[in-house]
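[1] mind folding the following:
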Amino acid sequence: MYSSGYSTIVTAVDIQFGAGCGQVLRGAACLKKNMLDSYFLKEVDDEQVALFEFNKGWKLSGIQKSYYNCLVKELGGFGTDPGKFIWPTSVTMTLDGDLAVKDSGNEQIQLFCSEGLYKHRFSYGSGPVKGLGDIVCIQDGLLLVTDGSKAIKVFSRDGEMIHHLKSPDMDWNHSYGMAILKSNDIAITDWTDLGKMHIIRIDLRMSAITRMYVMDGFHRPEHIAVNKREEMLVTEGQLFGKKQGSCLKVVNKDRIQKKTTGPSYENRITFVNPSGVCVDFDENFFVADRGQNYIVMFNPDASLVALVVTENLEGPCTDV
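    Okay, the predicted model is just below:
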């Protein structure tokens, strides 16, 4: 899920399987962009709506009431042709402003320009478990890809695999979400019952992982986002079956879990399968729930919450 200004981009998929046979019965895959506009510091009455709605220069620092919930653009569609998706599970923005989408169904990375036009694609190889993994862009424009294996693949934007980073010290089972910290370290989740988060440092000149720090205390952690305070927001979802979690955990810069949000929040929302998470320019954060088919927006300290996208979503997931 990608948030820029007042718009958010999510990958969406709806795949149903036949009982016991893994047969795909129905599929719909696309990349969707929803416009989120007019957020306010507090709940406002009808007379105040007109005043704030058109004050586009107002600095956001707190709530989040959405007066627009409309689908702006939809990219792709179900299929294997260029520009089509089977199971889009992650999206990031390149340094050139293009969208790079990881399709776990086609095992392809596809790039689109900022207007949504297809540019090109390349294969990232197969992973041990369909649906796992992430894609992020680092400072020099390279794309880092996880696919559920014990390695990180590094690609140029043209699709050349430059590095295959792996360490004998890696004890994760299934690599999943990634986020780049201010220090350029990389946080990676391990999608298992007793899941962990690994914070690693890489040296691309040596094609090596040079440092690793491991955090325990997670259950099926999925995606990660990082805010300006170097706090990590980690979703715990239920990709395959009922799992403990259904929440968002906040880890501070000292690597200490300081807060858990969910499964329920003030009797207003209930997470079923929180998957994607991202942070906007004003430190508000969004959580996509593929079980509830909605996107929830919180203010920076999670004291206020609002449902901001409730329509035109089918299994939203991923982050940036």
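[2] from here on, contacts and neighbour counts on C-alpha atoms
    Noted.
[3] low-confidence bits of this structure, can you list those?
    1-72, 239-243, 318-320 (pLDDT under 70).
[4] tell me where it has helices.
    Along the chain, counting by DSSP state H, helices occupy 46-53.
[5] distance of residue 259 relative to residue 182?
    21 Å (C-alpha to C-alpha, to the nearest Å).
[6] before we move on, what about residue 155?
    Distance of residue 155 to residue 182, given as C-alpha to C-alpha: 21 Å.
[7] between these two, which one's more packed in?
    Counted by other C-alpha atoms under 10 Å, residue 155 and residue 182 do not tie: residue 155 has more neighbours, with 20 against 12.
[8] for the residue lying closest to residue 275 once chain neighbours are set aside, which residues make a bridge with it?
    Distance criterion C-alpha to C-alpha, 6 or more residues apart in numbering; nearest residue to residue 275, sequence neighbours excluded, is residue 317 at 5.2 Å. Using DSSP bridges, the bridge partners assigned to residue 317 are residue 11.
[9] repeat for residue 136
    Beta-bridge partners for residue 136, by DSSP bridges, are residue 144.
[10] and it, what does it touch?
    Taking C-alpha atoms under 8 Å, 6 or more residues apart in numbering as the contact definition, residue 136 lies against 91, 92, 93, 143, 144, 145, 178, 179, 180, 320.
[11] what's the closest of those residues to residue 198?
    For these, the residue nearest residue 198 by C-alpha to C-alpha is residue 178; the value is 9.6 Å.
[12] for beta bridges, what are the partners of the residue lying closest to that closest one once chain neighbours are set aside?
    The spatially closest residue to residue 178, leaving aside those adjacent along the chain, is residue 188, at 4.6 Å (C-alpha to C-alpha, 6+ apart). Bridge pairing for residue 188 (DSSP bridges) gives the partners residue 178, residue 198.
[13] got the contact list for residue 188?
    175, 176, 177, 178, 179, 197, 198, 199, 200, 224.
[14] can you show me the strands along the stretch 201-320 of the chain?
    Using DSSP state E, counting those that start in this stretch, the strands of the stretch 201-320 of the chain run over 208-215, 221-226, 232-236, 247-251, 257-261, 264-265, 269-270, 274-279, 285-289, 294-298, 305-309, 316-317.
[15] quick one: which of these is nearest residue 134?
    strand 221-226 (8.0 Å).
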